[in-house]
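Engineer: Here is a sequence together with a model predicted from it:
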Amino acid sequence: MRATEVIIDLSKLKSNAVFLQEKAQGREVMGILKADAYGHGAIPVLKTLTSLGWKYFGVATIEEALEIRKVDPKIDILLLGATSIEDFPACVGNNLSFAVHDRQTLMAALALQKPAKIHIKVDTGMHRLGFALDEIHKFSEEIAALNPVGIYTHLATAEEDKAYALSQVARFKEAVDVFRERGLTFKWVHYGNSAALLEMDLSFSNMVRAGIVLYGYSPVFPVEQLQPIMSWRSRILAVRELAKGEGLSYGHVYVAKSARRIATVPVGYADGYKRQMSGEIFAWIGDQRCPQVGRITMDQAMFDITGVDAMVGDEVELMGEHIPCACLAEAAQSNCAEIMATIGKRVRRIYLGD
């Protein structure tokens, strides 16, 4: 069996969830399960959160929603992104909530033969999906005819530019007020993402969306109560002696300046151990930080273990206590969400604390 695996601690997930419930101050918390729960496994995460009484979950695609619906027929599942109008009947038939975000989706929703659970998406500055404010005024009567259960927006800069994020909240409140003036109220009003949940005034909303924070990462300042729930490990597959002047891996971009001892580990860019991290990242081997050397290949990566008491079969920490996810994200010029969400399916998932 291939040695490379991620370990997911569900007891830490529970701890994070309880902390986030407290931060929400009585608001409903929607657990975001898109991208297979950021690579953690949507179904184990779902079962852990429903055991705590969580009832609302968000995904990106209808395929994700249907996978979850097969497991739990009762929870509320919202498709946060754009859903094809051809899939609206399937959403209705499977009791899925979905977004209406422009004139086309509005007209398609109005043409449905059965009542639908609809959230209105408002574009307040992300400029990705959603009705602009002038469209909210223009189509308010048609939108109200849908009897939508929710209204929401997404904050573009809650992690960096709080002033702009607050201006988005103000525009969103204006949109909500347009409908309130018409006598339409929503069961759910939500704009709080992970960053907003941690440090912004949640004001008039009654639901928040917990994404990356659920999995232990703060997109703003360090939060002691949040614990990363995933670690990544493998084992040394082979050890080679590299002479001075010899090159390593594709293109020989790494050439040994002195005799080096090299460990080959069965993890590569097909597993999500990204090629652009080549020469920029470390692993923890034999109680030492060992640099990755040479180009990371599709299935394997090499590490310099010169002077390290390590041999074939020894454990390699790729991400965890000594190698934080942030180190991989920096080397990949990305973020922790991408690192975790792109760990491949051939990397075995091991669950603790179930």
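Structural biologist: The structure has been received and is ready for your questions. For clarity, every value in this text was computed on a predicted model and none was experimentally measured.
Engineer: Show the residue spans covered by the helices in the stretch 1-150 of the chain.
Structural biologist: Here the stretch 1-150 of the chain has its helices, by DSSP state H, counting those that start in this stretch, at 10-23, 34-38, 42-50, 62-71, 88-93, 103-110, 133-138, 140-145.
Engineer: Can you spell out which helices and strands pack onto the second one?
Structural biologist: When contacts are defined as 3 or more C-beta pairs under 8 Å, 6 or more residues apart in numbering; DSSP states H and E, helix 34-38 sits against helix 42-50, helix 336-341. Quick note: C-beta positions are derived from backbone N, CA and C, even for glycine.
Engineer: So which of the ones you listed has the densest surroundings on average?
Structural biologist: helix 336-341 (a mean of 22; mean count of other C-beta atoms under 10 Å).
Engineer: chain center to that helix: distance?
Structural biologist: Relative to its chain's centre, helix 336-341 lies at 7 Å (C-alpha atoms, centre = their mean, to the nearest Å).
Engineer: Same question for stretch 222-238.
Structural biologist: Worked out by C-alpha atoms, centre = their mean, stretch 222-238 lies 16 Å from the chain centre.
Engineer: what distance separates the start and the end of that stretch?
Structural biologist: 38 Å (C-alpha to C-alpha, to the nearest Å).
Engineer: Which one, of the helices of the stretch 1-150 of the chain, ends up nearest to E174?
Structural biologist: The closest of these to E174 is helix 133-138. By C-beta to C-beta, the value is 6.3 Å.
Engineer: Quick one: mean pLDDT for that closest one?
Structural biologist: For helix 133-138, mean pLDDT rounds to 96.
Engineer: what does stretch 151-161 give?
Structural biologist: The average pLDDT for stretch 151-161 rounds to 95.
Engineer: Identify the residue nearest E28 in space, chain neighbours excluded?
Structural biologist: Of all residues not flanking E28 in the chain, M207 sits nearest, at 4.5 Å (C-beta to C-beta, 6 or more residues apart in numbering).
Engineer: distance of that neighbour from A195?
Structural biologist: 16 Å (C-beta to C-beta, to the nearest Å).
Engineer: same deal with V71?
Structural biologist: 29 Å.
Engineer: more neighbours, the two?
Structural biologist: A195 (22 against 12; other C-beta atoms under 10 Å).
Engineer: After the host helix or strand of the more buried one, heading C-terminal, what element do we hit next?
Structural biologist: Remark: A195 resides in helix 194-199, with elements defined by DSSP states H and E. Sequence-wise, the next helix or strand downstream of helix 194-199 (DSSP H and E) is strand 207-210.
Engineer: Helix or strand next in line after that following strand, which one?
Structural biologist: Past strand 207-210, further along toward the C-terminus, the next helix or strand under DSSP H and E is strand 230-235.
Engineer: Adjacent strands (with direction) for that next one?
Structural biologist: strand 5-9 (antiparallel), strand 315-319 (antiparallel) (DSSP bridges).
Engineer: which residues sit against the last one?
Structural biologist: To tie it back to what came earlier, the one meant is strand 315-319. Outside strand 315-319, the residues that touch it by C-beta atoms under 8 Å, 6 or more residues apart in numbering are 4, 230-236, 263, 265, 267, 273, 283-285, 303, 323, 325, 327-328, 339.
Engineer: so which of the helices and strands packed on helix 34-38 comes closest to G81?
Structural biologist: That would be, of these and by C-beta to C-beta, helix 336-341, which comes in at 14.5 Å.
Engineer: Keeping just the C-alphas, turn that closest one into CSV.
Structural biologist: Provided in CSV are the C-alpha atoms of helix 336-341 (Å, rounded to 0.1, in the frame of the first residue of the first chain):
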residue,chain,number,x,y,z
CYS,A,336,-4.0,26.9,2.5
ALA,A,337,-7.5,26.4,1.0
GLU,A,338,-5.9,25.5,-2.3
ILE,A,339,-3.3,23.3,-0.8
MET,A,340,-5.8,21.2,1.0
ALA,A,341,-8.5,21.2,-1.6
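Engineer: All set now, cheers.
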